[in-house]
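Asker: Okay, here's the prediction I keep looking at, along with the sequence it came from:
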Amino acid sequence: MKKREPVSSIMTKHVVAVQLDDTLISANNLIRKHHIRHLPVIHGEQLVGMISKTDLNRLTFSGLFAGEGDADEAVFDMLNISQVMSHKPRAVKESDTIKYVAEILSTEEFHALPVVDDHDESKLVGIVTTTDVIKYMLDNY
């Protein structure tokens, strides 16, 4: 296992993201369509937040009661992404080591971290998840 391998070697480079002015319905649709759990929120090209499947599930009734999909859409229509997302998310740089990322994921309550450009910390270049780190560890075991 390489001790100084950068996170850029395991991150997802083609990130599915949502714009700040998109709707919660569109964010939910992206999560479902792409079978993902975390969406970076961008304003133009600048990273401004993160929204997760868990954030959206906390707002819904469909998990509790059958046939409540319409109620979910009504809740999503009443709120916007900015009201639900985590603002100013913890991010890592593309040159940060996988070990450093693993330390963050193991000690803090994150399951995904946006990866930003080494020279422009507002520019999103990828996302890394606990699953990415586990796969890396298994490949090198």
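Answerer: Thanks, I have it.

Asker: Strands along the protein, start to end?
Answerer: For the chain, the strands defined by DSSP state E occupy 18-19, 38-43, 46-52, 86-87, 92-93, 112-116, 124-129.

Asker: With mean pLDDT added, can I get those in CSV?
Answerer: As requested, the strands of the chain are arranged in CSV below (pLDDT from 0 to 100):
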stretch, mean pLDDT
strand 18-19, 96
strand 38-43, 95
strand 46-52, 94
strand 86-87, 92
strand 92-93, 96
strand 112-116, 96
strand 124-129, 96
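
Asker: In TSV: those, plus mean neighbour count.
Answerer: From N, CA and C alone the C-beta is placed, and that goes for glycine too. Converted to TSV, these look like this (neighbours: other C-beta atoms under 10 Å):
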stretch	mean neighbour count
strand 18-19	18
strand 38-43	22
strand 46-52	21
strand 86-87	12
strand 92-93	20
strand 112-116	25
strand 124-129	22
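
Asker: Output the ones you listed in TSV; the columns should cover distance to residue 139.
Answerer: Output for those, formatted as TSV (distance: least, C-beta to C-beta, whole Å):
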stretch	distance to residue 139
strand 18-19	30
strand 38-43	22
strand 46-52	26
strand 86-87	30
strand 92-93	20
strand 112-116	19
strand 124-129	15
